[in-house]
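Visitor: Just to be clear, the model below is a prediction. Sequence and coordinates:
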Amino acid sequence: MVAAYRTIVAAFAVLAKAGMLTPEPPFRPVAQVTGADTAIESPRVAMIQDQSAWNDLWREHRQTFQINVPQNAPIDDSERPKVNFSTDVVLCLFGGQSKNVGGFELAQIGDLKDQVIVRIKPTLLPATGAELLQNPYMFLILPRTRRKMSVQLDQSALGGDGWRTLADLPPTKH
């Protein structure tokens, strides 16, 4: 009986050390940045988990279309949020060329036991009679999680119905 008890205690100790018994705190964004002036013109969802990938994506996001600019010319990254990739990741949403969409806002985070649902709404520009083509984007700095993540877009602001899943992403913490 004592041996079985010791085995159970040892198993719980191993699970606790691995962080599997510690519940994650409520899932909340660390920071967010949004706008309509990205150089990325195609719709995309990306999860950035390290500094190298963040550097590459920022370069693509802020690349210039000017003539005679060398490929490796420095890009002003003073606006780029600093990220501690040991604890956080960056969820990136690019809307592609869109009419009158000035960015995105975080509508809701569904904090479930085995899944996080991130719901995003487009921010519409005021109607002026002219349709402006924009390249909206959003960067959400989020804590790493052992849960799967679903990214959903509110279609109602764009003339559709309900929420559309843009991406189902794997856990970012092991």
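Guide: Sure, I can see it. Numbers count the residues shown, from 1 in each chain.
Visitor: Going by C-alpha atoms from here, please, whenever you check contacts or count neighbours.
Guide: Noted.
Visitor: Report the helix or strand with the lowest average pLDDT across the chain.
Guide: Least confident helix or strand, the chain: helix 2-17 with a mean of 60, by mean pLDDT, DSSP states H and E.
Visitor: For the following helix or strand past it, which strands pair with it and how are they oriented?
Guide: Using DSSP states H and E, the helix or strand that follows helix 2-17 in sequence is strand 31-35. When pairing is defined by DSSP bridges, strand 31-35 lines up against strand 137-143 (antiparallel).
Visitor: mean confidence for the partner strand?
Guide: Computed over strand 137-143, the mean pLDDT rounds to 94.
Visitor: please renumber so the chain begins at 34
Guide: I'll keep to 34 as the first residue from here, and by that count the last item is strand 170-176.
Visitor: now it, how far from the centre of its chain.
Guide: 4 Å (C-alpha atoms, centre = their mean, to the nearest Å).
Visitor: got the contact list for it?
Guide: 60-71, 116, 120-128, 136-138 (C-alpha atoms under 8 Å, 6 or more residues apart in numbering).
Visitor: got it, and stretch 144-157?
Guide: For stretch 144-157, using C-alpha under 8 Å, 6+ apart, the contacting residues are 59-60, 133-143, 180-188, 190-191, 196.
Visitor: do the same with stretch 81-89
Guide: Outside stretch 81-89, the residues within contact range by C-alpha under 8 Å, 6+ apart are 116, 118, 121, 122, 123, 124, 125, 205.
Visitor: could I get those residues as JSON lines with pLDDT?
Guide: Listed next are the contacts of stretch 81-89 as JSON lines, based on pLDDT from 0 to 100:
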{"residue": "116", "pLDDT": "95"}
{"residue": "118", "pLDDT": "96"}
{"residue": "121", "pLDDT": "94"}
{"residue": "122", "pLDDT": "96"}
{"residue": "123", "pLDDT": "96"}
{"residue": "124", "pLDDT": "96"}
{"residue": "125", "pLDDT": "96"}
{"residue": "205", "pLDDT": "90"}
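Visitor: TSV please, covering the residues you listed and showing neighbour count.
Guide: Formatted as TSV, the contacts of stretch 81-89 follow (neighbours: other C-alpha atoms under 10 Å):
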residue	neighbour count
116	18
118	17
121	21
122	25
123	26
124	20
125	20
205	19
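Visitor: Out of the residues you listed, which is nearest to residue 168?
Guide: Checking those against residue 168 with C-alpha to C-alpha, the nearest one is residue 125 at 13.2 Å.
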